[in-house]
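Novice: okay, here's the prediction I keep looking at, along with the sequence it came from:
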Amino acid sequence: MIGYFGPVIFETSDSRILNFNDLSHTASASYEKHQIIGQKPRSEFSNPDLETISFTINLNGNHGVKPRDEIEKWASIVNQGEAYSLVIGSKIVGDDLWVCQSISSAWNTVFNQGELFSAKIDVSLEEYISEM
């Protein structure tokens with residue numbers, strides 16, 4: 001097992017390949033600018049912003065996955081709004097949970113009778129802070 005996000009298990013084996021590529025993790029912060037007449041503004045740290053993660057999943061029927069089922073699973077995760085840990089290896093990524101903000105899918109190969117054989121999903125996660 002490579003890792004998991006909620007009900008999705010990333011794995012590579014002889015019978016199944018479901019992994020991700022091009023993972024990007026972004027952390028940023030907000031700053032307030034204080035104007036001073038005749039001088040450059042002064043920056044003051046305000047707060048950290050929510051972190052984001054994005055990655056791509058390539059799906060192929062030759063690798064023991066059903067691309068349409070995987071796309072529907074990710075769409076369900078988006079629509080349910082549940083927050084999950086993202087685990088890669090044995091380590092949790094980040095300090096908090098993550099929600100799937102959006103997915104974008106591309107259907108690459110469709111066979112007769114509409115069977116989706118290969119596809120790509122771009123996934124966008126955002127850090128989820130439950131306490132106020």
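Specialist: Looks like it arrived, so ask away.
Novice: this structure: helices as residue ranges?
Specialist: Listed from the start of the chain, the chain has helices (DSSP state H) covering 67-80.
Novice: I129 versus N58, what's the distance?
Specialist: N58 sits at a distance of 31 Å from I129 (criterion: Cβ to Cβ, to the nearest Å). Where C-beta positions appear, they are placed from N, C-alpha and C, glycine not excepted.
Novice: and what of E82?
Specialist: Distance of E82 to I129, given as Cβ to Cβ: 15 Å.
Novice: so those two - more neighbours on which side?
Specialist: Under the neighbour definition other Cβ atoms under 10 Å, E82 and I129 were set side by side, and E82 has more, 14 against 10.
Novice: which residues does that one contact?
Specialist: Residues in contact with E82 (Cβ atoms under 8 Å, 6 or more residues apart in numbering) are G6, V99.
Novice: try S54
Specialist: Per Cβ under 8 Å, 6+ apart, neighbours of S54: D22, L23, S24, D122, V123, S124, L125.
Novice: and I71, how many residues sit next to it?
Specialist: Summarising burial for I71: neighbours were counted as other Cβ under 10 Å, giving 20.
Novice: name the pair among the contacts of S54 with the greatest separation in space.
Specialist: The most widely separated members of those, counting by Cβ to Cβ, are D22 and L125 (13.5 Å).
Novice: mind checking how far the closest residue to K33 other than its chain neighbours is from A29?
Specialist: Once flanking residues are discounted, K33 sits nearest to P41: 4.2 Å by Cβ to Cβ, 6 or more residues apart in numbering. Here the distance between P41 and A29 works out to 16 Å (Cβ to Cβ).
Novice: would you confirm that H25 contacts I53?
Specialist: Yes. In terms of Cβ atoms under 8 Å, H25 counts as a neighbour of I53; the distance is 5.1 Å.
Novice: more neighbours: which of the two?
Specialist: Legend: neighbour count by other Cβ under 10 Å for H25 and I53, higher for I53 (21 against 13).
Novice: which pLDDT value belongs to the more buried one?
Specialist: At I53, the predicted lDDT confidence score is 98.
Novice: got the phi and psi for the residue of the chain positioned farthest from its centre?
Specialist: The C-alpha centroid of the chain is most remote from G38, which lies 45.0 Å away (Cα atoms, centre = their mean). Main-chain dihedrals, G38, degrees, to the nearest 10: phi 80, psi 0.
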